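Asker: Let me see the structure of the following:
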Amino acid sequence: MLEGIYDFLKTAGRPRICVIGDMMLDTYVWGDVARISPEGPIPVLSVQTREHRPGGAGSVAVMLSALGAEVIPVGLVGSDSAAEVLQKGLQDAGADSSGLVRSASRPTITKTRFLGYVQSAGRALQQIVRVDEEVTDPLSAQEAKLVRRAVGTAMKKADLIVLQDMGKGLLDAALIAEVVRKAADSGKPVVVDPERTEDYAPYAGATCVLPNRLEAETATGLPMRSEEDYKRAARTLLKQLALEGVVIKLDREGIYFATAQGEEKHITTQAREVADVTGAGDMVTAAFSFARAAGADYATAVNLANFAAGLEVGMHGATPLPRRQLMESIRAETEPTARKIVPRGAIEALAEGLRRAGKKIAFTNGCFDLLHLGHVQLLAYSRAQADVLIVGLNSDDSARRLKGPGRPVNSERVRSQILASIGDVDYVVLFDEESVLPLVKQVRPDVLIKGGDYTVEGVVGHEFVQSYGGQVKLAPQAKGFSTTELIKRISGNDAGKNRGDTARDHQRP
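Answerer: Got it, this is the predicted structure:
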């Protein structure tokens with residue numbers, strides 16, 4: 001199935017999707033916790049970084065944009081600085097922010113999460129508290145009028161409409177009914193990520209609803225403990241709301257879907273290390289909606305959504321997943337070494353995620369053209385210095401500039417696959433510059449390693465790594481091993497020497 005999803009993503013194009021719903025600003029405040037407050041039994045957070053991301057319907061919008069859709073989000077925000085930050089976040093993600101309606105009487109909904117490392121070394125990340133700022137009263141007549149106008153404009157441009165209902169006052173029964181009616185008149189599907197409510201009647205006539213386990217249980221009054229329960233709940237919703245499909249998000253148990261045509265299936269998840277479940281539901285909505293808008297059937301759309309959600313839980317916060325990264329991850333499932341080969345554009349986020357998970361990162365680099373014992377020993381030494389080893393690999397062009405014509409002997413594709421097959425190597429990333437410094441700055445390793453034929457002062461990036469307390473180490477050098485010498489021996493230009501040992505070692509008495 002994954003091969004089929006990969007092929008689908010290659011040709012999916014850029015569907016146009018309108019996301020209507022409760023727009024929010026998610027703020028993450030990261031820091032160290034080294035002591036308890038003398039004022040009370042609470043941790044003291046020493047703030048290091050602050051990050052803002054679109055949340056709620058905005059989260060679905062930026063995820064859709066990362067997958068390659070043309071996205072038009074529509075929602076209500078305040079006339080405040082939070083709205084400016086949210087709008088910029090949507091624009092930076094490539095979404096059209098013209099559908100944001102400003103309110104003079106209510107603030108932009110914000111959720112601020114404070115996260116601390118239990119130790120200053122960066123171990124055991126823990127969310128300390130979440131602070132919400134919101135007004136959930138019904139919209140005023142003027143606000144409702146402006147929102148309806150923005151919705152009408154955006155729907156005309158869209159191939160598919162997503163209703164992201166989080167119960168914050170925007171999507172009342174009248175607006176939902178208007179969207180469903182207009183979409184039906186123009187033949188456009190409506191995908192609903194519903195509010196947690198007992199009354200799903202406003203969603204009647206939509207194309208598909210995507211409740212989670214608790215939402216489905218609340219809406220139907222049925223238990224959600226077994227596959228038979230899932231089937232009963234899905235059939236109930238299909239019949240009561242005259243839907244084409246129902247997709248039930250079952251967190252770690254995967255997704256169950258059913259269609260009016262009689263298709264029913266439980267897609268289970270693959271066991272993965274969970275860093276944060278925040279955003280997994282949004283990812284299901286985004287990936288499913290993207291796939292359906294691009295022409296995928298229900299099975300393909302649900303399998304894509306399930307796989308993408310599995311990747312999402314490995315990241316902190318609601319994090320967009322670019323289509324290229326998703327495709328690389330699918331390829332990694334079918335080609336075991338491929339998961340270790342990381343695109344240059346994804347390495348910074350990968351390294352940051354590893355740090356947030358409390359991992360110590362080691363980094364070394366080179367051409368690694370014809371792998372020999374010296375390389376193997378360098379990699380083993382480097383891996384022993386940390387929890388994770390990232391290897392920077394010179395591209396073919398940069399290796400040629402450094403080593404001259406005729407090099408490298410092996411292409412970057414072959415060299416990266418060979419490195420990825422070595423157990424001591426966790427990730428491989430290609431770089432095209434002659435200097436590795438830009439890549440070192442992206443990775444920000446805890447330990448920077450080169451071979452023992454260097455001095456610490458001669459290691460590129462040593463000043464940068466030492467500036468934030470990182471270490472620079474020199475690996476013990478394996479004597480008598482050199483790719484250049486190895487090439488000479490292979491070509492017969494150094495015929496008197498043995499491969500890796502001295503000739504004397506092989507003299508017989």
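Asker: how near is the residue lying closest to C208 once chain neighbours are set aside to G55?
Answerer: Sequence neighbours aside, G245 is the residue nearest to C208 in space, at 4.1 Å (criterion: C-beta to C-beta, 6 or more residues apart in numbering). Placement of C-beta: from N, CA and C, glycine included. Remark: distance between G245 and G55 (C-beta to C-beta, to the nearest Å) = 26 Å.
Asker: I'd say L163 and D22 touch.
Answerer: No: L163 is beyond contact range of D22, at 10.3 Å (criterion: C-beta atoms under 8 Å).
Asker: Show me the common contact partners of those two, please.
Answerer: Common neighbours of L163 and D22 (criterion: C-beta atoms under 8 Å, 6 or more residues apart in numbering): L171.
Asker: Looking at the two now, which is surrounded by more residues?
Answerer: L163 (27 against 22; other C-beta atoms under 10 Å).
Asker: quick one: the more buried one is in a strand?
Answerer: Yes: according to DSSP: H, G, I helix; E, B strand; the rest coil, L163 belongs to a strand.
Asker: That one bridge partners, please.
Answerer: I20, V192 (DSSP bridges).
Asker: So for D22, what's the pLDDT?
Answerer: If you check D22, the pLDDT there is 95.
Asker: For the stretch 401-509 of the chain, which segments count as helices?
Answerer: 412-420, 437-443, 462-467, 483-491 (DSSP state H, counting those that start in this stretch).
Asker: Would you convert these into TSV that also reports distance to K473?
Answerer: Formatted as TSV, those follow (distance: least, C-beta to C-beta, whole Å):
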stretch	distance to K473
helix 412-420	20
helix 437-443	14
helix 462-467	10
helix 483-491	22
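Asker: Compare the mean pLDDT across these and name the weakest.
Answerer: helix 483-491 (a mean of 57).
Asker: which stretches of this structure have low pLDDT?
Answerer: Within the chain, the stretches with pLDDT under 70 are 118-124, 270-279, 313-318, 336, 478-509.
Asker: Would you point out which residue is most central in it?
Answerer: L321 (3.8 Å; C-alpha atoms, centre = their mean).
Asker: related to what we said a few turns ago, out of the helices of the stretch 401-509 of the chain, which gets nearest to V191?
Answerer: Nearest to V191, of all these, is helix 437-443, at 36.4 Å by C-beta to C-beta.
Asker: Show me what counts as buried in stretch 216-224.
Answerer: Within stretch 216-224, the residues that count as buried by 16 or more other C-beta atoms under 10 Å are 216-220, 222, 224.
Asker: Check stretch 327-345 too.
Answerer: 327-330, 332, 337-342.
Asker: Stretch 44-61 too?
Answerer: 45, 52-61.
Asker: Can you add distance to G392 and secondary structure and give those residues back as CSV?
Answerer: Below are these laid out as CSV (distance: C-beta to C-beta, whole Å; DSSP: H, G, I helix; E, B strand; the rest coil):
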residue, distance to G392, secondary structure
L45, 34, strand
H52, 30, strand
R53, 29, strand
P54, 32, strand
G55, 35, strand
G56, 38, strand
A57, 39, helix
G58, 35, helix
S59, 33, helix
V60, 35, helix
A61, 34, helix
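Asker: what secondary structure does the closest residue to A61 other than its chain neighbours sit in?
Answerer: Once flanking residues are discounted, A61 sits nearest to P73: 4.0 Å by C-beta to C-beta, 6+ apart. With three-state DSSP as the basis, P73 sits in strand.
Asker: Distance-wise, check P73 relative to D96.
Answerer: Using C-beta to C-beta, P73 is found at 8 Å from D96.
Asker: In terms of neighbours, single out the busier of the two.
Answerer: Ranked by neighbour count (other C-beta under 10 Å), P73 and D96 place P73 first, with 33 against 19.
Asker: Correct me if wrong: that one contacts D22.
Answerer: No: P73 is beyond contact range of D22, at 10.7 Å (criterion: C-beta under 8 Å).
Asker: hey, what's in contact with both of the two?
Answerer: Joint contacts of P73 and D22 (C-beta under 8 Å, 6+ apart) are A57.
Asker: picking up where we left off before, which of the buried residues of stretch 327-345 sits closest to V443?
Answerer: V342 (10.3 Å).
Asker: Am I right that the closest one is in contact with A349?
Answerer: No: if you go by C-beta under 8 Å, V342 and A349 don't touch, sitting 9.6 Å apart.
Asker: pull the longest helix from the protein.
Answerer: helix 141-157 (DSSP state H).
Asker: Can you point out the buried residues in it?
Answerer: Those would be 143-144, 146-148, 150-151, 154-155, for helix 141-157 by 16+ other C-beta under 10 Å.
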